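> A predicted structure for the sequence below; I have some questions about it.
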Amino acid sequence: MDKDAHERRNLNLKEFLIEKLLFFSATISILVVILIFIYLLSQGAPAFSEISIVEFLTGKNWQPTSVVKPEFGTVPLLYGTMLVTFIAMTISVPIGVMIAIYIGEVAHPIEKEILKPIIELLAGVPSVVYGFFALVTLATWIQQLTGTTSRLNALNGGVILAIMVIPTIVSLAEDAITSVPKEYREASTALGASKWETIRNVVLPSSAPGILAAILLGFGRAIGETMAVLMATGNAAIINLNILDSTRTITATIAIETPEVAFGSLHYHALFALAILLFVITFAFNYLASTVMKRLGRTRR
Amino acid sequence: MVTTTVNDVKINVRDLNVWFGDNHVLKGIGVGIRPNAVTAVMGPSGCGKTTLIRAINRLNELIDGSRTAGEIYIDGENIYSNGINLFELRRRVGMVFQKPNPFPKSIFDNVAFGPRIHGVRSEEELQKAVEVSLREAALWDEVHDRLKDSALDLSGGQQQRLCIARALAVNPEIILLDEPCSALDPAATAKIEALMRKLAEKYTVIIVTHNMQQAARVSDFTVFLYLGELVEYGNTKSVFENPKSELTEKYITGEFG
Amino acid sequence: MNPKLLKQRIYFQVFRIATASVIFFLFLMIWTFISNGIGVINWTFLTDVPREGMTAGGIFPAIVGTIYLTLGTIALALPVGVASAIYLVEYAREGRFVRIINSAITNLAGVPSIIHGLFGYGLFVIFLNFGTSILSGSLALFLLVLPVVISASREALLSVPKSFREGSLALGATKWQTIRHNVLPYASPGVLTGAILAVARAAGETAPIILTATFFYRPTIPNSPLDGTMALASHIYYMSTQHPNIAQVRPLVYGSVLVLLGIVLSLNFIAIIIRTRHRRRKKW
């Protein structure tokens, strides 16, 4: 009797400890996110004791290493990020949605089995590999096509970024499209609609929230991408409307300048401030994406 | 195999065979459906009732691995012949499904969907079509002041009547109903049964049902299917009171379900 | 032909062309890598250290560095990730806490990789004084890869039917016994898939490691976690943008790209196969 009770108590203790251990592991993710956020803030805030926030967000010159007058205006970097992202999304959204419709609605089951893994493989290619391709080959193609003088430019970055973002858009949009209930499709077909008419008038409107969320997530991904744009865009931190000229993104700036700063210097803190800016922007897009899924997804059943 | 040779036939089914993969679901069905009447298709689960009506608007083709042989003539034209316009066929043959399936759109857009697909563009014409169909489906009074509301907010019975209105909006000649009341309560069922009798004045109505009392109440003619074969067809009254086949009699008296 | 059908044919053809174009681009890209790089790859390339200012020799230190970094990352991410997923799926009750954790995981997944790099640089390299090291790099990659492991493991656990758990508990087994014997074995293909994808991701990332672990030139094999290292991803970056003689070393970069791509795509492919076979095989 005693031995049984003893064993039972040990077992209970073991179960209790295991649960606590697992609980602790789960909290690590929260701790990590908080830690990153706090650390970024703590290292970025000191920048604003010397740089005004207004200057940071609206200044048109990013010259942190200038001997004469260091400037920390992020507008050229924001511009670079937005320009490259805009080009990328202009290409990847239509193509991504078309591919999603094709895979979800048009392709034969066998085609589907082949296409879906290929799109996944597209997503698996490391960004430095894409960057290298853009640097060496894509830039040459674009130069031959447009006759531009600067080989590395915003268009180059935008195109390779589009390729990188397409898998994100395709997989989420395709999910949204295939989860439209077949009862709706049947009803539409029974009324005499062709397959395309059913897609256009029933499937797409129904899956619109999911597709929108896919696009927003794609935006977030594009804005946060580093290596490919770093290697493809030429990295001149200037504002220039010509997409065939060199430009620089926020991510590339952090990647290039961090190895060169002195720990604790103003430049160092400014880079962290830049990271906070980047974090906020990508967070906004990701948050928007999940809100869209929740809100619009609900009212449409 | 039972055939009818009456001249007044809207839909003539001739030697219809349907397979789903290796499964021979309909075996040599031959029957003539009369216009302006309600025909009930009856039989135990799995006998092929749904497959039969889905053969009339060629919806079986949506299923992977399905194969159809034989002919179905509507007004003398074989709908399985090569030159047939499938979209036009499905406009002429409307269908209402077992579980109400309105689109996640407004009431108005649900009913206007069909006309829009078939080329009606003017707002005025659409509004007229919507009103006429909703009246015919006995739903207008309940929804006329909230046409922009989501169809999903309606009750089950209202949704089913909306689906009927949606089917009527494209001016069909034939209406197929697949156990339309099985997901509804008795009150809603009664409304739809009354509606079907009224619709038969103008259309050819075929209803699949596993509810014998409903078949007896609602239909003029009854088709009895068993394991994919047509066992009996005739005037509802005589099928129920004087079944020619022993199988029919057993089914009616409830010896098997 | 019916105008509706014609319109449909045109639209669908356009979609087909869009799909084909993207796939064509992918294959074209891989083809340029293969045709330019296959000539460079031989036994020497894979096992020798870089020589003559990295214009000759091999990439062995980079291969080893990538392996070490990946091992370090997965050694941290796998236990923590799987344990978190087990807690979230098997123990946690619906409520605010679970929602907060899920949102933290989603947010972590959305953090740009360069921020992991910067964070790792500030905290691990400088503040905790680990220096530019495999340790710093693994920690930074761990943060990046953790959401991947958790998501895949969570999906795998959720796909195990409730009845398996109920049956076990009804026989008197404890919760942990149930998980260990009646849930995890059936979830393990999914967890394995997640782990493989995490490894592939860690092997391919560049931004975090160039700020925390890698050097442009370090031909000696690291023998402690506090050593810095070369790595395939960073090597490709350095050699194509910062080498004094970029054009000359270009073929070597193609070779490195092929090696990295080969490793990463094989891993992805294996993960896909495991996932598909598991989906077909499972009898529930």
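Perfect, thanks for sending it.

> could I get stretch B:162-177 in PDB with only the CA atoms?
Only the C-alpha atoms of stretch B:162-177 are listed here, as PDB (Å, rounded to 0.1, in the frame of the first residue of the first chain):
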ATOM      1  CA  LEU B 162     -34.300  32.100 -52.200                       C
ATOM      2  CA  CYS B 163     -32.500  29.300 -54.000                       C
ATOM      3  CA  ILE B 164     -35.700  28.500 -55.800                       C
ATOM      4  CA  ALA B 165     -36.100  32.200 -56.800                       C
ATOM      5  CA  ARG B 166     -32.500  32.200 -58.000                       C
ATOM      6  CA  ALA B 167     -33.200  29.200 -60.200                       C
ATOM      7  CA  LEU B 168     -36.400  30.800 -61.500                       C
ATOM      8  CA  ALA B 169     -34.700  34.100 -62.400                       C
ATOM      9  CA  VAL B 170     -33.100  32.700 -65.600                       C
ATOM     10  CA  ASN B 171     -36.500  31.600 -67.000                       C
ATOM     11  CA  PRO B 172     -36.000  27.800 -66.900                       C
ATOM     12  CA  GLU B 173     -38.500  25.300 -68.300                       C
ATOM     13  CA  ILE B 174     -37.600  22.500 -66.000                       C
ATOM     14  CA  ILE B 175     -36.900  22.600 -62.300                       C
ATOM     15  CA  LEU B 176     -35.100  19.800 -60.500                       C
ATOM     16  CA  LEU B 177     -35.300  19.600 -56.700                       C
END
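
> is chain A contacted by that stretch?
Yes. Stretch B:162-177 lies within reach of chain A by Cβ under 8 Å from any Cβ of the partner chain, at B:163, B:166-167, B:170. C-beta coordinates here come from the backbone N, C-alpha and C atoms, glycine included.

> remind me which helix or strand residue 82 belongs to.
Looking at chain A here, since you left the chain open. Assigned by DSSP states H and E, A:Met82 falls within helix A:75-101.

> that was the other one, I meant chain B.
Using DSSP H and E, no helix or strand contains B:Asn82.

> ok, it - how many residues close by?
Neighbour count of B:Asn82, defined by other Cβ atoms under 10 Å in any protein chain shown: 5.

> show me where the stretch 151-257 of chain B has helices.
Using DSSP state H, counting those that start in this stretch, the helices of the stretch 151-257 of chain B run over residues B:156-168, B:186-199, B:212-218, B:236-241, B:246-252.

> could I get the full set of helices for the chain?
Chain wasn't specified; assuming chain A. With DSSP state H as the criterion, chain A has helices at A:2-44, A:53-58, A:75-101, A:109-124, A:127-133, A:139-146, A:154-178, A:182-190, A:195-198, A:204-224, A:227-232, A:250-257, A:266-299.

> switch to chain C, please.
C:3-37, C:43-47, C:60-86, C:96-109, C:113-120, C:134-158, C:162-170, C:175-178, C:184-204, C:207-212, C:232-241, C:246-281.

> now the ones you listed as TSV including distance to A:Gly124, mean neighbour count and mean pLDDT?
Listed next are those as TSV, based on distance: least, Cβ to Cβ, whole Å; neighbours: other Cβ atoms under 10 Å in any protein chain shown; pLDDT from 0 to 100:
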stretch	distance to A:Gly124	mean neighbour count	mean pLDDT
helix C:3-37	11	16	95
helix C:43-47	22	13	89
helix C:60-86	15	23	95
helix C:96-109	16	16	89
helix C:113-120	15	27	95
helix C:134-158	12	25	95
helix C:162-170	32	13	88
helix C:175-178	35	18	89
helix C:184-204	6	22	94
helix C:207-212	17	30	95
helix C:232-241	13	26	94
helix C:246-281	4	18	92
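
> distance to B:Phe240 added to the ones you listed, as CSV?
Putting those into CSV (distance: least, Cβ to Cβ, whole Å) gives the following:
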stretch, distance to B:Phe240
helix C:3-37, 44
helix C:43-47, 85
helix C:60-86, 61
helix C:96-109, 59
helix C:113-120, 75
helix C:134-158, 52
helix C:162-170, 45
helix C:175-178, 57
helix C:184-204, 54
helix C:207-212, 79
helix C:232-241, 79
helix C:246-281, 50
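
> ok, which of those helices comes nearest chain B?
helix C:3-37 (5.8 Å; Cβ to the nearest Cβ).

> near chain C, which residues of the stretch 51-200 of chain A?
A:94-95, A:98-99, A:101-103, A:106, A:115, A:117-118, A:120-122, A:124-129, A:131-133, A:135-137, A:163, A:166, A:194-197.

> from the residues you listed, keep the buried residues only.
Among those, the ones that count as buried by 16 or more other Cβ atoms under 10 Å in any protein chain shown are A:95, A:98-99, A:101-103, A:106, A:115, A:117, A:120-122, A:124-129, A:131-133, A:135-136, A:163, A:166, A:194-197.

> pull the number of nearby residues for C:Lys282.
There are 11 residues near C:Lys282, going by other Cβ under 10 Å.

> show me what contacts it?
C:Lys282 is in contact with C:Tyr186, counting by Cβ atoms under 8 Å, 6 or more residues apart in numbering or on different chains.

> again, only using 10 Å
Shown in contact with C:Lys282 (Cβ atoms under 10 Å, 6 or more residues apart in numbering or on different chains): C:159-160, C:186, C:189.

> which elements pack onto the lowest-mean-pLDDT helix or strand in chain B?
In chain B, the helix or strand scored least confidently by mean pLDDT, DSSP states H and E is helix B:246-252, which has a mean of 88. For helix B:246-252, the elements it packs on are strand B:38-42, helix B:212-218, strand B:221-226, strand B:229-235, helix B:236-241, judged by 3 or more Cβ pairs under 10 Å, 6 or more residues apart in numbering or on different chains; DSSP states H and E.

> which of those sits closest to chain C?
Of all the helices and strands packed on helix B:246-252, strand B:38-42 comes closest under Cβ to the nearest Cβ, at 30.5 Å.

> is the helix or strand just after that closest one anywhere near chain A?
Downstream of strand B:38-42, the next assigned helix or strand under DSSP H and E is helix B:49-56. Yes. Counting by Cβ under 10 Å from any Cβ of the partner chain, chain A has neighbours in helix B:49-56: B:Arg54.

> what subset of the buried ones among the residues of the stretch 51-200 of chain A next to chain C is also close to chain B?
Contacts with chain B within those, as defined by Cβ under 10 Å from any Cβ: A:194-195, A:197.

> returning to that earlier point: format the helices of chain A as CSV; extra columns: mean pLDDT.
Putting the helices of chain A into CSV (pLDDT from 0 to 100) gives the following:
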stretch, mean pLDDT
helix A:2-44, 88
helix A:53-58, 90
helix A:75-101, 95
helix A:109-124, 93
helix A:127-133, 96
helix A:139-146, 91
helix A:154-178, 95
helix A:182-190, 95
helix A:195-198, 95
helix A:204-224, 95
helix A:227-232, 94
helix A:250-257, 94
helix A:266-299, 88
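
> give the contact list for residue 19.
Just so you know, I chose chain A. By Cβ under 10 Å, 6+ apart, the neighbours of A:Glu19 are C:86-87, C:90-91, C:175-176.

> look at chain B instead
Contact analysis of B:Trp19 by Cβ under 10 Å, 6+ apart lists B:25-27, B:51, B:60, B:65-69.

> do that again at 8 Å, thanks
Residues in contact with B:Trp19, defined by Cβ under 8 Å, 6+ apart, are B:25, B:66-68.

> which SSE is it in?
Here B:Trp19 is assigned to strand B:11-20, by DSSP H and E.

> output the contacts of C:Lys282 in JSON lines; the columns should cover distance to A:Leu22.
JSON lines is the format used below for the contacts of C:Lys282 (distance: Cβ to Cβ, whole Å):
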{"residue": "C:Ser159", "distance to A:Leu22": "19"}
{"residue": "C:Val160", "distance to A:Leu22": "17"}
{"residue": "C:Tyr186", "distance to A:Leu22": "18"}
{"residue": "C:Pro189", "distance to A:Leu22": "21"}
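
> tell me which of those is nearest to C:Val148?
Closest approach to C:Val148 among the contacts of C:Lys282 (Cβ to Cβ): C:Pro189, at 16.0 Å.
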